[in-house]
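>>> pasting a predicted model and its sequence here:
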Amino acid sequence: MAETLTLPEGTSRKEVYEALFPQIRALILGEDDLIANLANISAVLKTAFDFHWIGFYRMVGSELVLGPFQGPLACTRIPLDKGVCGACASQKQTILVPDVNEFPDHIVCSSLSQSEIVVPLVHNSEVKLVLDIDSELVDDFSDIDAQCLEKIVSMVRECHYSSD
Ligand code: SME
């Protein structure tokens, strides 16, 4: 069982991610159930950073369907032409929104969310799922988050999608 990380106060966000990488890798390599792994990754990131909402939407048919998450309740289904998640899935690229109030198509699940980052898992040119994180702070995400979250998503891809 993975332990919760204890890091010295003042540790940078990048250092926290770097400490999480081996923990997440070990956690998911030993388990072949995708939902279980997404649930634990949500818990690990929520515990490490205390973001407002963190979770996954899976591509089911032609829309995104809510998967494992940590935080307040969220909308269940997102069409690809709606929201930051839909934009991420249709563009097949990470989307960083410094201020959700400035993003015309943002779907408001919680009025506390101020900034958002969404990272896709793409396999064989298809989006399989997205990792969505909301923060209560404006401009809370940077390229560091994008790179580190993309690395976490690539671990999920290697673990669950590499053989087909
Ligand atoms: N804000 C997202 C919807 C999902 S929630 O934030 C959990 C969006 O615009 O796609």
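Arrived safely. Numbers count the residues shown, from 1 in each chain.
>>> so how far is Ser111 from Val65?
In this view, Val65 and Ser111 are 23 Å apart by CB to CB, to the nearest Å. The way it works is simple: take the backbone N, C-alpha and C, and place the C-beta from them, glycine included.
>>> could you check which of these two has the larger neighbour count?
Counting neighbours by other CB atoms under 10 Å for Val65 and for Ser111 shows that Val65 has the greater number, 14 against 6.
>>> ok, that one - contacts?
Under the criterion of CB atoms under 8 Å, 6 or more residues apart in numbering, the neighbours of Val65 are Tyr57, Arg58, Met59, Thr76, Arg77.
>>> farthest pair in those residues?
The most widely separated members of the contacts of Val65, counting by CB to CB, are Met59 and Thr76 (14.0 Å).
>>> mind checking which of those two has more residues around it?
Relative neighbour count places Met59 above the other of Met59 and Thr76, with 17 against 10, counting by other CB under 10 Å.
>>> how far off centre is stretch 62-79?
Mean-position distance between stretch 62-79 and its chain equals 12 Å (CA atoms, centre = their mean, to the nearest Å).
>>> buried ones in it?
Taking 16 or more other CB atoms under 10 Å as the neighbour-count basis, stretch 62-79 is seen to contain the buried residues Glu63, Leu64, Leu66, Gly67, Pro68, Phe69, Gln70, Gly71, Ala74, Ile78.
>>> so which of those comes closest to Val153?
Using CB to CB, Gly67 comes nearest to Val153 of these, at 12.9 Å.
>>> in what helix or strand does the closest one lie?
In the assignment (DSSP states H and E), Gly67 maps to strand 63-70.
>>> just checking: what are the partner strands of that strand?
Partners of strand 63-70 in the sheet, by DSSP bridges, are strand 53-60 (antiparallel), strand 77-79 (antiparallel).
>>> identify whichever of the ones you listed lies nearest to Val130.
Comparing the strands paired with strand 63-70 under CB to CB, the one sitting nearest is strand 53-60, at 5.2 Å.
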